[in-house]
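Asks: okay, predicted coordinates and the sequence, questions at the end:
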Amino acid sequence: MSSHLPTPQQLGWQDLEFGLFVHFGINTFTGREWGDGTEDPALFYPTALDCRQWARVAKEAGMRYAILTAKHHDGFCLWPTETTAHSVKSSPWRDGKGDVVREFVDACREEGILPGLYCSPWDRNAPCYSDPKAYSEFYARQLEELCSNYGPLVQLWFDGAGSEGYTYDWDRIIGTVRRLQPGAVIFQMGDPDIRWGGNELGYGSPDLWTTVDESRLDILWESPRRELPPQGRYLPVELDTTINRAGWFWHPNTTDQIKSLDELIGIYYRSVGHGANLLLNVAPNREGRLEEAEVQRLLELGAEIRRRFGNPLAAVGPGSGELEIVLREPGLVARFEAMEDLSRGESVLEWVLEAQVGQDGLGRPAWHRLAHGYALGHKRLGDFPPIVASRFRLRVIRSRGEARLRSLKVFAP
Ligand code: FUL
């Protein structure tokens, strides 16, 4: 499927905006970031697995979805798969009867968080990996289990690492997912609905087009091009990063590497505020619980997002070409949120946000520029030096066809 129009699944996923990434597995117990597949399954032994805690914290932080590493590159499966013995079945944890994927999806649904799964294409344990045809079949069967037995999934996460130069039978693999999980979006590999933002810092360019020339994704990563028109394929961006600089998996004694609230807010502005989804990783420890210090930081982030964007002075929407806010009396404004209506594709090519500051010599309203950009996309967030004004307008300067705007909100400092 390749179209400049979004699917309902893509639009629904974009509205989720902020998700929890959960890296948990054999690496949690070895202290490594990439296992080599020779790890003894007996190492997997969380002493107090608490997926409810993960889901509750995600919910409280304002996240709407969560993705768990059902299988990372080391090949160890967190569910009792029939495809290999390299799984929770061979671990003494719950006498080999445990199923982390089950506990995860159940906990997410109880909290109203949409669950999704990461299942690494690159598998350093499966002996058949040396035979791409046999492995594609093996991998499709793993996905068949994950897509059949755990209810509706919001997203399947196909990480590109380790797969350079390898030939998967994507028709077989993606076909399985599409057939069993028609509501899910696919990330990055095969026939994706969602593309990677090109770095693991959570920083997206301000001109992050949603509709791109897919043959040039690598160029987009290197240097996003302002003039690139939104033509080609509708492919929204997901940016993934970690709350702790130490890595994707849990590592002992790394509290000092937790990102600061300022840094995380900066990441939020440059991801969600640049029209992408933010998938923020918080890794469970060897108990199977998120670390208290990381939970606190995540909740601080959620509270700060609510403080900044939860309470607009005014809001308007939708409109074509221009949206205007008129406050009853002049207010101090320092922040905005603007959204494009993407339901019929990306249309805005250049936009400006202005405040009226008195009149010019001829008695016409005088407008002061507060923000300006090219791509608008799902959402743009921004701060500007505080200004007292009562009239604000978001104006499309150039568009492809009719410009469709979804909403504009302004906020006090
Ligand atoms: C990368 C992987 O190699 C890392 O281990 C991690 O899973 C990250 C999200 O993607 O490509």
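Replies: That came in fine, so what should we check first? In this text, all values refer to a predicted model and were calculated from it rather than measured experimentally.
Asks: from here on, contacts and neighbour counts on C-alpha atoms
Replies: Fine.
Asks: ok and the residue in the chain nearest the ligand?
Replies: Closest approach between the chain and the ligand, counting by CA to the nearest ligand atom: residue 161, at 4.3 Å.
Asks: next, count neighbours for residue 330.
Replies: Neighbours of residue 330 under the rule other CA atoms under 10 Å: 12.
Asks: tell me which element it falls in.
Replies: strand 322-340 (DSSP states H and E).
Asks: residues of the chain that sit close to the ligand?
Replies: 33, 159-161, 248 (CA under 6 Å from any ligand atom).
Asks: now pLDDT, neighbour count and secondary structure too, for the residues you listed, in JSON lines please.
Replies: As requested, the residues of the chain next to the ligand are exported to JSON lines (pLDDT from 0 to 100; neighbours: other CA atoms under 10 Å; DSSP: H, G, I helix; E, B strand; the rest coil):
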{"residue": "33", "pLDDT": "98", "neighbour count": "19", "secondary structure": "coil"}
{"residue": "159", "pLDDT": "95", "neighbour count": "18", "secondary structure": "coil"}
{"residue": "160", "pLDDT": "90", "neighbour count": "15", "secondary structure": "coil"}
{"residue": "161", "pLDDT": "92", "neighbour count": "10", "secondary structure": "coil"}
{"residue": "248", "pLDDT": "98", "neighbour count": "24", "secondary structure": "coil"}
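Asks: pull the helix or strand with minimum mean pLDDT from this protein.
Replies: Within the chain, no helix or strand scores below helix 217-222, which has a mean of 54 by mean pLDDT, DSSP states H and E.
Asks: ok now the helix or strand following that helix, how far from the chain's centre?
Replies: Counting by DSSP H and E, the element after helix 217-222 in chain order, helix or strand, is strand 233-234. From the chain centre to the centre of strand 233-234 is a distance of 17 Å (CA atoms, centre = their mean, to the nearest Å).
Asks: ok, and the closest non-adjacent residue to residue 338?
Replies: Spatial nearest neighbour of residue 338, excluding adjacent residues (CA to CA, 6 or more residues apart in numbering): residue 408 at 4.6 Å.
Asks: name the residues linked to that neighbour by a beta bridge.
Replies: Under the criterion DSSP bridges, residue 408 forms beta bridges with residue 316, residue 338.
Asks: next, the angle from the one helix or strand residue 356 maps to to strand 322-340.
Replies: For residue 356, the enclosing helix or strand under DSSP H and E is strand 348-359. Relative orientation of strand 348-359 and strand 322-340, computed by axes from the mean of the first three to the mean of the last three CA atoms, to 10 degrees: 140 degrees.
Asks: quick check: buried residues in strand 348-359?
Replies: Buried residues in strand 348-359, counted by 16 or more other CA atoms under 10 Å: 348-357.
Asks: and for stretch 405-413?
Replies: Applying 16+ other CA under 10 Å to stretch 405-413 flags 405-412 as buried.
Asks: same question for stretch 146-156.
Replies: Buried residues in stretch 146-156 (16+ other CA under 10 Å): 146-148, 150, 152-156.
Asks: same deal with stretch 242-258?
Replies: Using 16+ other CA under 10 Å as the test for burial, stretch 242-258 gives 242-244, 246-251, 258.
Asks: for the buried residues of stretch 405-413, give me a markdown table that also has pLDDT.
Replies: Formatted as a markdown table, the buried residues of stretch 405-413 follow (pLDDT from 0 to 100):
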| residue | pLDDT |
| --- | --- |
| 405 | 98 |
| 406 | 98 |
| 407 | 98 |
| 408 | 98 |
| 409 | 98 |
| 410 | 98 |
| 411 | 98 |
| 412 | 97 |
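Asks: ok, so of those residues, who is nearest residue 125?
Replies: Ranked by distance to residue 125 (CA to CA), the buried residues of stretch 405-413 are led by residue 406 at 47.7 Å.
Asks: mind listing what the residue nearest to residue 325 when sequence neighbours are not counted touches?
Replies: Nearest residue to residue 325, sequence neighbours excluded (CA to CA, 6+ apart): residue 392, at 5.1 Å. Contacts for residue 392 (CA atoms under 8 Å, 6 or more residues apart in numbering) come out as 324-326, 353-356.
Asks: I'd guessed residue 367 sits against residue 352; true?
Replies: No. Using CA atoms under 8 Å, residue 367 is not in contact with residue 352, being 10.8 Å away.
Asks: for the helix or strand where residue 146 lies, list the C-alpha coordinates in CSV.
Replies: Assigned by DSSP H and E, residue 146 belongs to helix 132-149. The C-alpha coordinates for helix 132-149 follow below in CSV (Å, rounded to 0.1, in the frame of the first residue of the first chain):
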residue,chain,number,x,y,z
PRO,A,132,16.5,-16.6,4.9
LYS,A,133,13.7,-18.6,3.5
ALA,A,134,13.4,-21.0,6.5
TYR,A,135,13.8,-18.1,8.9
SER,A,136,11.1,-16.0,7.2
GLU,A,137,8.7,-18.9,7.8
PHE,A,138,9.9,-19.3,11.4
TYR,A,139,9.5,-15.6,12.0
ALA,A,140,6.1,-15.4,10.4
ARG,A,141,5.0,-18.2,12.7
GLN,A,142,6.2,-16.3,15.7
LEU,A,143,4.1,-13.3,14.5
GLU,A,144,1.2,-15.5,13.9
GLU,A,145,1.2,-16.5,17.6
LEU,A,146,1.6,-12.9,18.7
CYS,A,147,-1.1,-11.6,16.4
SER,A,148,-3.6,-14.4,17.1
ASN,A,149,-3.4,-15.0,20.9
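Asks: what's in contact with that helix?
Replies: Helix 132-149 has contacts (CA under 8 Å, 6+ apart) with 81, 83, 119, 121, 126, 128-129, 153, 166-170, 172-173, 176-177, 180-181.
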